[in-house]
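In: need coordinates for the following:
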Amino acid sequence: MTTIAEEMNTLRLRRLKILDDYHQAQGRLRRGVDALLREVDNEIRQLGDRSSSLPCLVRCTPGPSLTVYHSADAPCGRVHDRRNFREMPEVEAMDASPHVYLERCTACYWRSAATTHGKRLLNA
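Out: Next up is the predicted model:
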């Protein structure tokens, strides 16, 4: 014959098992949703990066000849004063110099810029 204390302990253990199973299932579900959202965010970044309307900055002041354009959303430290730059879509920035085909600045944070631009396109 079991005592009331033993029955209460059995019920307590059942209750803890139910709660533990619930929390484990919630954790699996959360990790699954997080993985799916990361995939979508990665696709948003890729589409933002491929978009011809990705905003860029091209220097418009006298100085050394132009070779690069910068990100308008995530510029590097070489962009001190945005008034010295014209903002334009990337497709136009590539051909902004009459002498040479401009390339992306390697110091700018293009991954971040592509994410920002992709989210802007998503919310438009």
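In: elements contacting the helix ranked longest in the chain?
Out: Ranked by number of residues, the top helix in the chain under DSSP state H is helix 4-50. The helices and strands touching helix 4-50, judged by 3 or more C-beta pairs under 8 Å, 6 or more residues apart in numbering; DSSP states H and E, are helix 110-123. Every residue, glycine included, has its C-beta placed from N, CA and C.
In: how far off helix 4-50 does the helix it packs on point, in degrees?
Out: Here the directions of helix 110-123 and helix 4-50 differ by 100 degrees (axes from the mean of the first three to the mean of the last three C-alpha atoms, to 10 degrees).
In: in helix 110-123, what's buried?
Out: W110, A113, A114, T115, T116, H117, G118, R120 (16 or more other C-beta atoms under 10 Å).
In: now swap in stretch 92-103 and tell me
Out: For stretch 92-103, by 16+ other C-beta under 10 Å, it's E92, A93, M94, A96, S97, L102.
In: try stretch 54-67
Out: Applying a neighbour-count criterion of 16+ other C-beta under 10 Å, one finds L54, P55, C56, L57, V58, R59, L66 buried in stretch 54-67.
In: OK, contacts around the last one?
Out: L66 is in contact with V58, R59, A96, S97, H99, V100, L102, counting by C-beta atoms under 8 Å, 6 or more residues apart in numbering.
In: relative to A5, how far out is the third one?
Out: Think A96. Separation of A96 from A5 (C-beta to C-beta, to the nearest Å): 82 Å.
In: and the first one, by the same measure?
Out: Relative to A5, V58 is positioned 79 Å away (C-beta to C-beta).
In: re earlier: just the ones of the buried residues of stretch 92-103 in strands?
Out: Among the buried residues of stretch 92-103, no member falls in strands (DSSP state E).
In: out of these, which two sit at the greatest distance?
Out: Farthest-apart pair in the buried residues of stretch 92-103 is E92 and S97; separation 11.2 Å (C-beta to C-beta).
In: still on that earlier bit, now the longest helix of the chain, how far from the chain's geometric center?
Out: 24 Å (C-alpha atoms, centre = their mean, to the nearest Å).
In: helices or strands up against whichever helix or strand comes after that helix?
Out: Per DSSP states H and E, the first helix or strand lying C-terminal to helix 4-50 is strand 55-59. Using 3+ C-beta pairs under 8 Å, 6+ apart, the elements in contact with strand 55-59 are strand 68-71, strand 85-89, helix 90-94.
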